[in-house]
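J.: just need the structure, nothing else, for what follows:
(one chain, ligands or ions: 2)
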Amino acid sequence: MPEPTWSVVVPVKRLPAAKSRLRGALPAVPHEELALALVADTVRAVLACAAVAEVLVVTDDARAAAELGRTGARVVPDAPDAGLNAAFRHGAAAAGRHARVAGLTADLPALRPAELAAALRAASAGPPGVRRFVADAPGSGTVLLTAPAGVPLDPRFGVASAAAHAASGALPLGGDWPTLRRDVDTAEDLATAARLGLGPRTAALTGARPAAATPG
Ligand SMILES: Nc1nc2c(ncn2[C@@H]2O[C@H](COP(=O)(O)OP(=O)(O)OP(=O)(O)O)[C@@H](O)[C@H]2O)c(=O)[nH]1
Ligand SMILES: C=C(OP(=O)(O)O)C(=O)O
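T.: Residues are numbered from 1 along each chain as shown. Ligands and ions are numbered 1, 2, ... in the order given. Predicted coordinates for the structure are as follows:
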């Protein structure tokens, strides 16, 4: 098995403010439970990915910090408190200059470790010194951004971030990774993720059967 080499930065917004477009998607479930389940399933998949040496969760949410810290992630307080890209930069700085750093959004509850591993492998195999990104399924957003050791992550997440990452010199990765590309912002996204197979925490809240555990 190859050495785990990536430090993966996963920013997590304070749960009461997070995933506002998803509020009410599961009427019987408190919003923070759903927001935490998405994050827990995402981090669980990253921790199970063989290519990953370290998971850095950047958050000021006490509950998410406690729970994710217990599962093996390194929790870094969101000291900048200045939005998503500042949180990514802060986590990347905590990983250190010698790490290969990947930034991943925390709203991928169907993520399979093997798909993340394949994307990280593809990022490593490309032209040297170049940042790479994986666009979301619609193609406008970004779910994963990678930087080789010594290259700043330079995140441009937000509206139309796939175009922003390309304009900043990052190259897209074109693999067929449906669970990696399926970020969940809306009730419709959650239904699509459920068809792909949800992680156990989110599945338990939706009443879906969880996806079979497959290490990557
Ligand atoms: N630490 C940190 N994480 C953030 C911040 N903003 C967004 N995130 C995380 O970044 C990921 C992608 O963010 P969005 O999809 O825009 O999530 P969101 O802001 O919670 O969702 P909406 O309220 O629906 O826009 C999610 O995992 C969020 O938890 C922030 O200011 N700080
Ligand atoms: C943060 C992003 O997206 P969304 O808010 O749609 O999850 C993004 O795609 O860069």
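J.: which element is Ala137 on?
T.: For Ala137, there is no enclosing helix or strand under DSSP states H and E.
J.: dump the residue contacts of the nearest residue to it once chain neighbours are set aside.
T.: Distance criterion Cβ to Cβ, 6 or more residues apart in numbering; nearest residue to Ala137, sequence neighbours excluded, is Arg181 at 4.3 Å. From N, CA and C alone the C-beta is placed, and that goes for glycine too. By Cβ atoms under 8 Å, 6 or more residues apart in numbering, the contact set of Arg181 is Val134, Ala135, Asp136, Ala137, Val143.
J.: same deal with Ala164?
T.: Arg156, Gly158.
J.: can you verify it is assigned to a helix?
T.: Yes - the assignment for Ala164, made by DSSP: H, G, I helix; E, B strand; the rest coil, places it in a helix.
J.: and the gap between it and Leu47?
T.: Note on Ala164: its distance to Leu47, by Cβ to Cβ, to the nearest Å, is 29 Å.
J.: can you give me the helices in the chain?
T.: Counting by DSSP state H, the segments of the chain that form helices are 31-47, 62-71, 84-95, 113-125, 161-167, 178-181, 187-196, 200-206.
J.: nearest to ligand 2, out of these?
T.: Nearest to ligand 2, of all the helices of the chain, is helix 161-167, at 3.2 Å by Cβ to the nearest ligand atom.
J.: does ligand 2 sit close to that closest one?
T.: Yes - contact between helix 161-167 and ligand 2, assessed by Cβ under 6 Å from any ligand atom, occurs at Ser161.
J.: tell me how far the spatially closest residue to Arg14 that is not a sequence neighbour lies from ligand 2.
T.: Computed as Cβ to Cβ, 6+ apart, the closest residue to Arg14 that is not its neighbour in sequence is Asp61, at 4.6 Å. Computed as Cβ to the nearest ligand atom, to the nearest Å, the Asp61 to ligand 2 distance reads 17 Å.
J.: no further queries at this time; thank you.
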